[in-house]
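Participant: need a structure here:
(one chain, ligands or ions: 1)
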Amino acid sequence: MSMNQASLECRHINLSYGATPVLRGINLKIEPGEFFALLGPSGSGKSTLLRLIAGFNQHQSGELLVDGQDISGVPPHRRNIGMVFQNYALWPHMTVWDNVAFGLVERRESRDAIRRKVGAVLELVGLQDYARRRPGQLSGGQQQRVALARTIVIEPRLLLLDEPLSNLDKQLRVQMRDELKNLQRKLGLTTIFVTHDQEEAMTTADRMAVLDAGVLQQVGTAAGLYDYPQNRFVAGFVGTANLLEGRVAELDGASLRFDVQGLGQLTLPAPAEPPAVGAAALAFRPHQVSIAAPGEPADAARVWLDGQVQSAEFLGEFSRYRVRVGDLALISDQPHRAGSALFAPGARVRLGLDPRQLRYLPL
Ligand code: ADP
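Facilitator: Modelled structure (predicted):
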């Protein structure tokens, strides 16, 4: 089966329910063949945006372009966009074959074409031996594959998936993550999926858009968003972040003074592109924070803060410490070496920040 590869673009899209704005000025461009995630917490507007692309929701202003053509007024059944719903919405009284054939029958395709297409798509999702079963006789993962088969058999221009893995148990979710990715690669079909799970988005999507409160916060690859978050929300939502809030108080050539709320003054080497004087947050990842006993010789390239261990979690590959520093709690992840002892809660320690790995964000 060869699939269409359409592009999708949202231009200044606004949608409100009554007086409540739900999507605010969404600008987004998705390239042909991309596997793209809409990521955000519950209520951020992800499903509303997905349903808007499918045509079930109508925006009040802005443009929605598929391959450069505005489809804003086009009803759902004329868009040739396939959508897989969270609960799969399979017909329980029909066989797998009939579920998958349904869209083609509705389009009055010939019996030959239907036989050929349904056969091909069932083979593609590995369900050729299950054609005569009913959905109730299938596992959750198999039901999802039927839902996918039923959607791609009509050769849509775009494939939309609403929380595709949320109905599956943890183990199956990880397996289906790979299956979905492989299937999408094989088809090359432009695919947009909604998820609230950052790990799911990071492991499957080529790129993703992070939404919060109806506002698109940032678009990028998993590594791009993790390494270069543009604001505090993205820093905290994609991966785990330590955030120091405060003020860049002074810039003096090679060094910079940062006043941290709840901690005091830090003198740091100024980065190559120094931030402006004023309110800012400093973000850094737990694995970038080293931890040492007070008497231990310390790396002079790091900035050291005195603290006290609040909790220590042994997670196998690494240990996660929560350390009180001033009025703040910072997280430090340390790779584990066999036999090494953990710092115990209550222990006095020093945390070492790597100035090259600090990111200055708007407050
Ligand atoms: P998400 O998919 O990110 O969880 P939704 O797109 O479902 O978020 O919802 C975004 C916001 O819009 C929420 O605050 C939700 O309560 C509101 N909302 C969704 N559907 C409707 C509706 N039909 N009428 C009114 N408000 C709605």
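Participant: Around the ligand, which positions in the protein sit nearby?
Facilitator: Residues of the chain lying close to the ligand by Cβ under 6 Å from any ligand atom are Tyr17, Val22, Gly40, Ser42, Gly43, Ser44, Gly45, Lys46, Ser47, Thr48. (C-beta placed from N, C-alpha, C; glycine too.)
Participant: Per-residue pLDDT of the first one, please?
Facilitator: Spelled out, that is Tyr17. Tyr17 is assigned a predicted lDDT (pLDDT) of 95.
Participant: ditto for the second one
Facilitator: On pLDDT, Val22 comes in at 98.
Participant: Test my guess that Phe35 contacts Thr191.
Facilitator: Yes. Under the criterion of Cβ atoms under 8 Å, Phe35 makes contact with Thr191 at 5.1 Å.
Participant: For those two, indicate the residue with more neighbours.
Facilitator: The neighbour comparison of Phe35 against Thr191 (other Cβ atoms under 10 Å) goes to Thr191, with 29 against 22.
Participant: Now do the phi/psi pair for that one.
Facilitator: Phi and psi for Thr191, reported as degrees, to the nearest 10, are phi -130, psi 130.
Participant: and the residue nearest to it when sequence neighbours are not counted, backbone torsions?
Facilitator: Nearest residue to Thr191, sequence neighbours excluded (Cβ to Cβ, 6 or more residues apart in numbering): Leu159, at 4.4 Å. With angles defined as degrees, to the nearest 10, Leu159 sits at phi -110, psi 130.
Participant: related to what we said a few turns ago, shared neighbours of Phe35 and Thr191, which are they?
Facilitator: Common neighbours of Phe35 and Thr191, using Cβ atoms under 8 Å, 6 or more residues apart in numbering, are Gln184.
Participant: Point to the helix or strand of this protein where mean pLDDT is at its lowest.
Facilitator: The weakest-scoring helix or strand in the chain, judged by mean pLDDT, DSSP states H and E, is helix 170-187 (a mean of 87).
Participant: and whichever helix or strand comes after that one, what's its mean pLDDT?
Facilitator: Tracing the chain past helix 170-187, the next element assigned as helix or strand by DSSP states H and E is strand 191-195. In this model, strand 191-195 has a mean pLDDT of 96.
Participant: try stretch 269-276
Facilitator: 90.
Participant: Who does the closest residue to Gly236 other than its chain neighbours form a beta bridge with?
Facilitator: Spatially, and ignoring its direct neighbours in sequence, Gly236 is nearest to Leu243 (6.9 Å; Cβ to Cβ, 6+ apart). Beta-bridge partners of Leu243, counted by DSSP bridges, are Ala283.
Participant: do the one 5 residues further on as well
Facilitator: Under DSSP bridges, the beta-bridge partners of Val248 are Phe258, Gly278.
Participant: contacting residues around Phe193?
Facilitator: With Cβ under 8 Å, 6+ apart, Phe193 has these contacts: Phe35, Phe36, Ala37, Leu38, Leu160, Leu161, Asp162, Glu163, Pro164, Thr204, Ala205.
Participant: repeat that for 6 Å
Facilitator: By Cβ atoms under 6 Å, 6 or more residues apart in numbering, the residues touching Phe193 are Ala37, Leu161, Pro164.
Participant: Between the residues you listed, identify the one with the most neighbours.
Facilitator: Ranked by the number of neighbours (other Cβ under 10 Å), the contacts of Phe193 place Ala37 first, at 27 neighbours.
Participant: Name the residues of stretch 107-115 that are buried.
Facilitator: Neighbour counts using 16 or more other Cβ atoms under 10 Å place Glu109, Ile114 of stretch 107-115 among the buried residues.
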